[in-house]
Structure formats: C-alpha cells, structure tokens
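Asker: Predicted coordinates and the sequence they were generated for:
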Amino acid sequence: MNGQSTHVLLIEDNPGDADLVRLRLVQANSAVDVSCFNRLSDGLASIKEKSPSVILLDLNLPDCQGAETFRRVLEKAPDVPVVILSGQDDEALAVKALHQGVQDYLVKGAISSSGLERAMRYAVERQALLRSLDMSRKQQLEFKNQFLSHVSHELRTPLTCIHQFVSIPFDGLAGEVSAEQRDHLKTILKSVNQLGAMVRDLLEASRAESGKIRIEPRCVAIGELIRQAVTMMQLAAHEKQVGLEVGVDTRIPFVHGDPGRVLEVLINLIENGIKFTPPGGAVTVQACLVQTDPDFVYISVADTGCGISPEARALIFERLYQDPNAVDNNRKGLGLGLFIAKELVSLHGGRIWVASEPGNGSTFSFTLPLYSLAKLLRPVITSQERLRDDLVLVKVVLRPLSKPARASWKETCQHCLEILQRCVYLDKDLVLPPMTTHGAEETFLVVASTDLERANIMMARIREQLGKVSDLNGTGELEVSASAVRLPDGAGQSLEEQVQGVAGAVTEMIRSVV
Amino acid sequence: MNSHADSLCVNFALENDKMANSKIMIVDDDPDLRQALRLRLRANKYETVNAVDGYSAIAMAYKERPDLIILDLGLPAGDGFVVLDRLQEDDKLSAIPVIVLTARDPQANERRVLRAGAAAFFQKPADNAELLDVIRASLNRAGTGTVLPS
C-alpha cells in the first residue's frame, strides 16, 4: 500500500452501504480506487480484468448468500485477500470464514473509517506473508528432493567402488582366499547391498512423497508373480531356516498392475516377514478373491514372527517408522520400505493394511484391481446391441534368439506392440495390454471379431509388418498363431451376461495358450 | 619350410586370440572404477582399453575400434550423451554396442539413453553376472565375439 494505489473490489448490493464504504475508504486514504458490483457473479467476473488488491465482500447478495459466498470468492481468487463486511454479527460464521482462508470478518456499523482502512491494509500484509511462507515451503520441498537425488547419486560412486573391490577377491579373481576370509568378504558384500538398498529407498521415498513415481500397468498373472517373488527370496528364507510357502488358487484372475512395482511390494513384505520370524517359523504368501469386494484380488503375506503391538500397527506405514521394541538381529533399515509399499499399492488403486497380535505373527495384506476383460471386450464383441458370431484369439510371440540386453529388448517389444495396434481393425479387434513375461519372451494377444479364415489374413499382415522390424531381425523370432474361441451358449441371457460369459471363455483360452 | 610352418602357427594362434578376446573400451572418469572393471573383464578373457572423458572416448574409439563400449554418463569434456551422439553420427563407429553404466537414476535416464542408441542401461553398483551376460549377448549380436562358456 506504500503510496501505490489500492484497487478495492467491493461486492455489496445495498447502494447506501456501498457509498458509505467508498466514502470512508477515500477519506482514510486518497490513493484508493473502489469498483463496486452488486451481484457476486459480476464481481467474480471482474477479478481477472481488475486484479484487485483486496476484496470487500457482503454475505447477503441477490445471487448468493452466507458461507457459499466466500467459498466461491476464495475458489475464484485464492491469492487475493478477502475481508467480509457483513450486517450480521455471527461469530460462528466468522470463525468458519477465517478457517477457510478469509482474512477478516467486520461487522457493518461497528467500524470506523480508519479502522476499516487499517483492517484492509493488514489483510493485504497477512496474505502476502502467507504466500511467501507457502512459497518457501514449496522451495524447501523442492530443495529436499534435489538434495536427496544429488546425495543418492554421489553415494553410489564410492558404494560401487567398495562393491567391486570386495567382489573381486570374493569371486577369486585376486588369488586364493581362505574360507574364513571369504566369510568376512561375504559380510561386507551383504552390508554393501543393504547400503545400496537404503540409497535406493531414500530416493524412492522422496519421489513417492512428491508424487513422482510412475507405474506402467499391464495384465499380470499374479500367481506367477508371487511364485517369482518367492523363488527370489527362497535363499534368504533357507539361510534363516524359515519356511516360505505359497498358496495361490490356480483360478485367480489377472490383475491390472505394474509387474516390477508389484514385485517390489511382494519382496518387501516377504523380506520383512523373514526378518521378523524366528528360525523354525514360516512365511506364507497367498492370493484370493473376497466375495464382498469382487473387483480386487487380495494378496497376503503372513508370518509366525513376534507380531506387532497395536501402537506400532497404527504407525507402521508412516515413513521413517521403526518399531523400537522389534527384536531384529539383522539390523534395522531406514524405515522406508512399508511407506514405499503403501505408496505403490495406492498408485495401483489398492489398499494395504496389517493384522497382528503380539506373539502371534503378523499378516500384511494388500489389494490390486482385477483386470476386467469383460469391460475391455464389450465394444469389440458386440455390434448393435448383440454379440458378434465369431471370435478368434490371435497369439503373437516375440522370442529373442540370444539373451539380449534386457532394456533394448523391452524397447523392441514396445515398438512391436505399436505396430501390432496398426494391424487390427479398431472397432472389431482388441490388442490386449501386454501380459507379464517369463524371461525375455513377450506375448501379445489380439481378440478378433472374425472367423478363422479372415484371421489368417490378419496374421499374414502381422507377420509381414512385424517381420520388417529391424530390431527384431537377427535378434529374435516371431511366432503367430490363432485359435477360435468357443462361445458359450448365451440363449436367454442379457447382453451383459453374454459379455461376461464370453470374457470367461476368453480368459480360459488365454490361460491355455499362454 | 620349417619357419613357414611356424609362422602359420603363430598367425593361426593370433587369429584365434582375436576371436576369443573381444576388445572392450571402458569410459569412466573414476580411476578406481576403471581398474575394478578392467580386472573383472580381463578375468573373463576380454581385452580392455580406457578412456577418461568424453573427448578421449571418441578419439580412442577411432584409434582402437573396440568391439564394445562401457560408458559412464557423468564425464568431463563431453558427457555420456554427447559420446553416444558422436558414436551414432559416425558410420564406422555406430555399430559398436554401447552399455551405459552410471550412478544416475534410471527413471530419468534409461529411456533417454536407449533412444540415443545404447544397447543397455545399468545403474551402479551393477550386478556383475548380469553385466557380463549383457556384454556377452551384445557382442554376439554385433557378431564380433565368440560365445564364451558362462
């Protein structure tokens, strides 16, 4: 306000009140200009053009009354200080207004010229202060993320050096080592790997906090993924003499998830399970459907460890939480694992929770959304509100000839998928989201609303187009095959039921061909 | 007669050696990491040459014509991306498979590196067995190495 002119936007429908306010403001400070509107909508519409320094607002307007009035103003102009000038001395409403971000609540007739002018000035100052606080909070967050990203990068170089120069003697590349020395080297390697995991988690957690984790969901055979995680953890379980078992219903449907990220969650939970289970105990991983929540698959990791106290249960998914009473011979981690797991699960649209009784083990559970084939299939298998007659499942397999560089093969497969999309009729055929892969082999599936004869034409097109992919030449081979889907007899069923039936038949077929 | 047979033998041995020992260029500005990688690769019967920055990486690639390049991203005198671009631009060098081995973050760099022409991306510290697998596969694909028993 220092000498600069102040633009006041006055929204007031009583002409007498409006004139009085205008007069008082000008009396107190000549550098004030006031524009007045008697309807809220007109006042809001003028904000962009006038960019007022402060808004003076009556709450009883022809087109809006009470709390709704300031709610709409704050929504439209979150950065402009708002002072309410009301005829009602309503303390509850005033407090509510302040909580929502209004700067002041003044009662008409109870305020002098200089008081009004001062209230307005302070409102502007407070708003500016709040904004700079908010800015510096954002800057701090940004700084923290940059700092963590920088630190974790810089820590990796010496970490790599230690890792390399320990693994060289450990692998016998620097002459013979005694069994005892090997043991020591193994301990160093284990610690280096722990340190590496911590560095990774640090960056991952800061990313999760600022919403920067990306997931790439696919159609995932969750049973396979669980078995993969268990295989990866089998050695660790064996070394601690903890049993590690899987109980997955073979008929569990596909889920929609990022296989790498889901694997991360599984590994984290299994690792924790093993860590807190004494020798002789067991960790069991299960996946099942729950009738009351049919759109999700429930996955659980149960251990027979020491269990978790109710106080710890409430905090366990918070970042940096470590149970102070946990008995852990293996030393503590950063306390970020479960926080990251929770973020990953919620990015998938699922939930994660824990059930436990001290002394009786813990069960961590999470849900992942089902991969709904019926929803995807409906537009291609129906035409004019009835089912099409024929349906063919085309399978395209890309197989690397030698074990390729993992990453570039991934790129090749992505490229092939894009080409495949162009080989089909969008209204009649559906390229399913990629399946999880076993090793490097990639399988794509196309559901085509056509008979086998015409499917042959499509297959020839696919062979020709994918055969041209230069990355594939000499590095991989292509296999294309088709089989007709036996459509269930849907006589007397609604279209919705028929679609469900077909989706079931296609799912069966996918299981048998993949 | 005798000497002719001898020289044939030598030639044959050299030829064999060349086939078995693919030449790998290590580009990293950290001397300790270069040494560690050199030890690891030599133990696996690869020949190695070194470059310490982006500039010398290109010069060495011309001079030595390595069969494969292991490339760090954070380098003085032209970072890894510059090196990748230069290699791609040159007909004589563009066929050399490049494996990027960096401390940098995969989420921000992996895709970019592969688009720039690298064969693979590894974050440090990398798993040695996995790295060797990819080296072997890349050499096979480029047709310059023989299959070594794993």
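Answerer: Ah, there it is.

Asker: Would you map the strands across chain B?
Answerer: Shown for chain B, the strands assigned by DSSP state E span residues B:23-27, B:47-51, B:68-71, B:98-102, B:120-123.

Asker: mind checking which of the ones you listed is nearest residue A:308?
Answerer: strand B:120-123 (33.2 Å; C-beta to C-beta). From N, CA and C alone the C-beta is placed, and that goes for glycine too.

Asker: Let me know the pLDDT of the residue nearest the centre of chain B.
Answerer: The centroid of chain B falls nearest to residue B:69 when counting by C-alpha atoms, centre = their mean (2.5 Å). pLDDT for residue B:69: 95.

Asker: again, but for residue A:483
Answerer: Taking residue A:483 on its own, its pLDDT is 83.

Asker: Show me which positions of the strand or helix carrying it end up buried.
Answerer: Using DSSP states H and E, residue A:483 maps to strand A:476-484. Neighbour counts over strand A:476-484 (16 or more other C-beta atoms under 10 Å in any protein chain shown) mark A:476, A:480, A:482 as buried.

Asker: is it true that residue A:435 touches residue A:222?
Answerer: No. With contact defined as C-beta atoms under 8 Å, residue A:435 does not count as touching residue A:222 (11.9 Å).

Asker: coming back round to it: gap between the residue nearest to the centre of chain B and residue B:87?
Answerer: According to C-beta to C-beta, to the nearest Å, residue B:69 stands 7 Å off from residue B:87.

Asker: Tell me where the chain has helices.
Answerer: Answering for chain A, as no chain was given. Ranges of helices within chain A are A:15-28, A:40-50, A:67-76, A:91-100, A:113-170, A:179-209, A:222-239, A:259-275, A:310-315, A:337-347, A:373-381, A:406-422, A:452-467, A:495-513, based on DSSP state H.

Asker: wrong one, chain B
Answerer: Along chain B, counting by DSSP H, helices occupy B:2-20, B:31-43, B:54-64, B:80-89, B:106-115, B:128-142.

Asker: quick one: contacts for the residue nearest to residue A:293 when sequence neighbours are not counted?
Answerer: In this structure, residue A:293 finds its nearest non-sequential neighbour in residue A:367, 7.3 Å apart by C-beta to C-beta, 6 or more residues apart in numbering or on different chains. For residue A:367, the contacting residues are A:293, A:296-299, A:345, A:350-352, by C-beta atoms under 8 Å, 6 or more residues apart in numbering or on different chains.

Asker: if we go to 6 Å?
Answerer: Neighbouring residues of residue A:367 by C-beta atoms under 6 Å, 6 or more residues apart in numbering or on different chains: A:296, A:298, A:350-351.

Asker: Next one: residue A:106, what pLDDT does it get?
Answerer: On pLDDT, residue A:106 comes in at 91.

Asker: What distance do you get for it to residue A:76?
Answerer: Taking C-beta to C-beta as the measure, residue A:106 falls 21 Å from residue A:76.

Asker: In terms of neighbours, single out the busier of these two.
Answerer: Shown here are residue A:106 and residue A:76; by other C-beta atoms under 10 Å in any protein chain shown, residue A:106 has more neighbours (18 against 15).
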